[in-house]
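Student: how would this look folded up:
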Amino acid sequence: MVVYTQEHVYRHPWDRVTAAAWRKFTDPASSTALSHVADVHTLHRRLDPEAGRLQAARSITVRSPPLPFILRRLLPAAASSPSGAVLCHCVETSLVDAPRRAMDVVVRNVSLRGLIEVEERSTYRPHPERPEEWTQFRQETTIRCRPLAAIAAVAEKVETRCAERFLQNSAKGREVVERICRYLEAEASGTASSTI
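Tutor: Sure thing, here's the model as predicted:
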């Protein structure tokens, strides 16, 4: 099993960063940076206006990186793909508590679970030193390769390779959120161009 944590400080207020995070997958200018994301659909949303809380679930379909040969043998879809990649379906659940200025996001894969389990937990909070100006982002990811657990060395290589790809994709996602934050800041000041 591989577990890693990433932290990032957005030099933007919490409300702007969380608004940008919601736009990340639907922003047309993000398609190149987030080319691994094939599809996103909202499954449900529940807003409690009295409490200032939003609960939502989205389905996210991503393209896997090319899988190692041993895993391609276990997955017929990967074996038939020229690149050795497969589509993986995930569910993202989000809870936004506006009065507390807290947003928690959990993403888990729902397909390929017999092969690999991935859980990504992210939090967005006002930065403790500059709560009105900056946002602290924290992401913890756990990756476990199930059928190869008995073969520790192989499982570790697969988990490490997956972790490397997830780290790359996380960096791309943060870049997209930063870009959208800059757009939202410009929009608020009346200097935004018509494209994000």
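
Student: which stretches of the chain have low pLDDT?
Tutor: Judged by pLDDT under 70, the chain has its weakly predicted residues at 67-84, 146-155, 192-196.

Student: could you pull out the strands for this protein?
Tutor: 2-10, 37-48, 53-63, 87-97, 102-109, 116-126, 135-145 (DSSP state E).

Student: what's the spacing between R174 and T123?
Tutor: 14 Å (C-beta to C-beta, to the nearest Å). Glycine gets a C-beta too; all of them are placed from N, C-alpha and C.

Student: Spit out the residues that contact the two alike.
Tutor: Common neighbours of R174 and T123, using C-beta atoms under 8 Å, 6 or more residues apart in numbering, are F137.

Student: These two: which is more packed in?
Tutor: Ranked by neighbour count (other C-beta atoms under 10 Å), R174 and T123 place R174 first, with 18 against 15.

Student: I'd guessed the more buried one sits against H8; true?
Tutor: Yes - contact status for R174 versus H8: in contact at 5.5 Å, counting by C-beta atoms under 8 Å.

Student: Now for those two: what residues contact both?
Tutor: With C-beta under 8 Å, 6+ apart, R174 and H8 have common neighbours F137.

Student: Please report how far E117 lies from R63.
Tutor: 18 Å.

Student: what does M103 give?
Tutor: Noted for M103: a distance of 26 Å to R63, by C-beta to C-beta.

Student: I'd say H41 and S59 touch.
Tutor: Yes - counting by C-beta under 8 Å, H41 touches S59, with 4.7 Å between them.

Student: between the two, who's got more neighbours?
Tutor: S59 (14 against 9).

Student: which residues sit in contact with that one?
Tutor: D39, V40, H41, L43, H89, C90, V91, E92.

Student: follow-up on the earlier one: make JSON lines out of the strands of the chain and add distance to V158.
Tutor: Formatted as JSON lines, the strands of the chain follow (distance: least, C-beta to C-beta, whole Å):
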{"stretch": "strand 2-10", "distance to V158": "9"}
{"stretch": "strand 37-48", "distance to V158": "22"}
{"stretch": "strand 53-63", "distance to V158": "17"}
{"stretch": "strand 87-97", "distance to V158": "14"}
{"stretch": "strand 102-109", "distance to V158": "14"}
{"stretch": "strand 116-126", "distance to V158": "7"}
{"stretch": "strand 135-145", "distance to V158": "5"}
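
Student: out of those, nearest to T160?
Tutor: Checking the strands of the chain against T160 by C-beta to C-beta gives strand 2-10 as the closest, at 6.1 Å.

Student: Please name the bridge partners of R138.
Tutor: E7, T123 (DSSP bridges).

Student: Roughly how far does P126 sit from A33?
Tutor: 26 Å.

Student: Kindly report the same for S94.
Tutor: S94 is 21 Å from A33, by C-beta to C-beta.
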